[in-house]
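Student: Need a 3D model of the sequence below.
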Amino acid sequence: MTKPQGIVQGIVIGGGGLTGLSLALALRQGLGPDIPVIVADPAFAVRPSRDQRASAIVAACRRLFETLGVWSEVAPDAQPILDMVVTDSRLHDATRPAFLTFAGEVAGGEPFAHMVENRHLIDALTNHAEASGVELRSDTVATYEANDNGVQVAFGSGDIITARLLAAADGARSKLRQRAGIATHGWDYDQAAIVVTVGHERDHEGRAEEHFLPAGPFAILPLTGKRSSLVWTEQPREAARIVALGAEDFKTELETRFGLHLGELEVLDKPRTFPLGYFVARSFIADRLALVGDAAHVIHPIAGQGLNMGLKDVAALAEVVVDAARLGTDFGAADVLEHYQRWRRFDTMAMGLATNVLNGMFSNDFAPLRAVRDIGLGLVDRMPPLKGAFIRQAAGLTGEVPRLLRGEAL
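Tutor: As a prediction, this is how the structure comes out:
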């Protein structure tokens, strides 16, 4: 690496998706204007965002967005999940009895989650980051070299700067993680998710549905208006076959799984498929490097926790960095990053284990296991305190919760 062209002694974030932008804004608000924060992502060249996916934002992460000042901007486009129904059936069963139902509030007037289309969140975060003085570069972090005094970051454009800390928010195939030599452990599920947005004749009334079918979960997640986002699990070959169908044949496959309880269906965007797997980085940190979001972990979408896990990373990393900076210590030092790793690693492993167990239990048609799980769901449905504990866990409000997830500014 050649001689650095600039000394910033701040923080560089590689990756400008929801996790990277949230981290940048949290750091800017906590650190103040004197410590530079730079986010690099070629996607900044295309605005507004074209990301058609939608995400479940649990209550703790909504509090984070409120504290960062962006929730009011996306709230009109956010659909609260007011209740949830879980069924367990075969594809062509005449009925799908509800084995488990959840009320949708963690406290009076506070839904446990909202559904938000990613493009609204990305645009709001981008606007607030720019307004707060975060530097957004339409560029990549090509490589880096760390030493005791800092980390030299080389961008794709050829610019080189020295920072205190580099955060890798560049996704599941993180090049920064690979550059650090951090291995991952995990496996593919031999499943793929079909993601599509549909319109329907009748109002969903804020209800989310999770239908456990032999191929995997079929989730109906409410969006604003008479629309829902679907996460539809199949074996990869079957998923590829379904998305290649013509419009009418695809709709037939959809109606077989969705049902007609919300009336006539309309496919509103092009169905897309994503391979499903589980992996966790063997370390969330390296010399002056911290992994956040999908760069650190990818879990099954069965519980809708993927983005929320990344936002928990954001809250924890921002808190340890800001606390170190206020003490006047080196916020990119090994002990600071080790604190972040200890905070996040156990929760990540626990959630990964939980989603693995759920997927293994429900993505099959083994009759004895079906009987056991249906009895289990029925018992949980009759135990309000246990259901309440599940809701608080799903909402991200248990354990050692970072300040931003409690709605407290850094």
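Student: middle-most residue in the chain, spatially?
Tutor: By Cα atoms, centre = their mean, the chain has its centre lying nearest to Leu307, at 0.8 Å.
Student: buried stuff in the host helix or strand of that residue?
Tutor: Using DSSP states H and E, Leu307 falls within helix 306-326. For helix 306-326, the neighbour count (16 or more other Cβ atoms under 10 Å) marks 306-325 as buried. All C-beta spots, glycine's among them, are computed from the backbone N, C-alpha and C.
Student: so what secondary structure elements neighbour that helix?
Tutor: Here helix 306-326 touches helix 18-31, strand 54-58, helix 59-68, helix 334-362, going by 3 or more Cβ pairs under 8 Å, 6 or more residues apart in numbering; DSSP states H and E.
Student: Mind telling me which of the ones you listed the model trusts least?
Tutor: Of all the helices and strands packed on helix 306-326, helix 334-362 carries the lowest average pLDDT, namely a mean of 88.
Student: Quick check: chain neighbours aside, which residue is closest to the residue nearest to the centre of the chain?
Tutor: Ser55 (4.7 Å; Cβ to Cβ, 6 or more residues apart in numbering).
Student: so what's that neighbour up against?
Tutor: 18, 115-116, 118, 121, 306-307 (Cβ atoms under 8 Å, 6 or more residues apart in numbering).
Student: Could you rerun that using 10 Å?
Tutor: Residues near Ser55 by Cβ atoms under 10 Å, 6 or more residues apart in numbering: 18, 61, 113-118, 121, 221, 229, 304, 306-308, 311.
Student: following the worst-scoring helix or strand of the chain on mean pLDDT, which helix or strand shows up next?
Tutor: Scoring the helices and strands of the chain by mean pLDDT, DSSP states H and E places strand 6-7 at the bottom, with a mean of 56. Next helix or strand after strand 6-7 toward the C-terminus (DSSP H and E): strand 11-14.
Student: and that next one, what's its mean pLDDT?
Tutor: Mean predicted confidence for strand 11-14 is 98.
Student: any idea how far Glu238 is from the closest residue to Gly310 other than its chain neighbours?
Tutor: In space, and not counting its chain neighbours, Gly310 is closest to Gly293: 3.2 Å by Cβ to Cβ, 6+ apart. Distance of Gly293 to Glu238, computed by Cβ to Cβ, to the nearest Å: 29 Å.
Student: between these two, which one's more packed in?
Tutor: Ranked by neighbour count (other Cβ atoms under 10 Å), Gly293 and Glu238 place Gly293 first, with 29 against 15.
Student: residue contacts, the residue lying closest to Gly20 once chain neighbours are set aside?
Tutor: Of all residues not flanking Gly20 in the chain, Ala169 sits nearest, at 3.5 Å (Cβ to Cβ, 6+ apart). Shown in contact with Ala169 (Cβ under 10 Å, 6+ apart): 13-24, 39-41, 176, 290-296, 310, 313-314, 317.
Student: What of Val280?
Tutor: 184-186, 296-299, 345, 348-349, 351-352.
Student: Any chance of those in TSV with neighbour count and distance to Ala247 as columns?
Tutor: Formatted as TSV, these follow (neighbours: other Cβ atoms under 10 Å; distance: Cβ to Cβ, whole Å):
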residue	neighbour count	distance to Ala247
Thr184	19	38
His185	9	41
Gly186	15	36
Ala296	29	39
His297	27	36
Val298	23	31
Ile299	24	32
Arg345	17	45
Thr348	19	40
Met349	12	43
Met351	21	37
Gly352	20	37
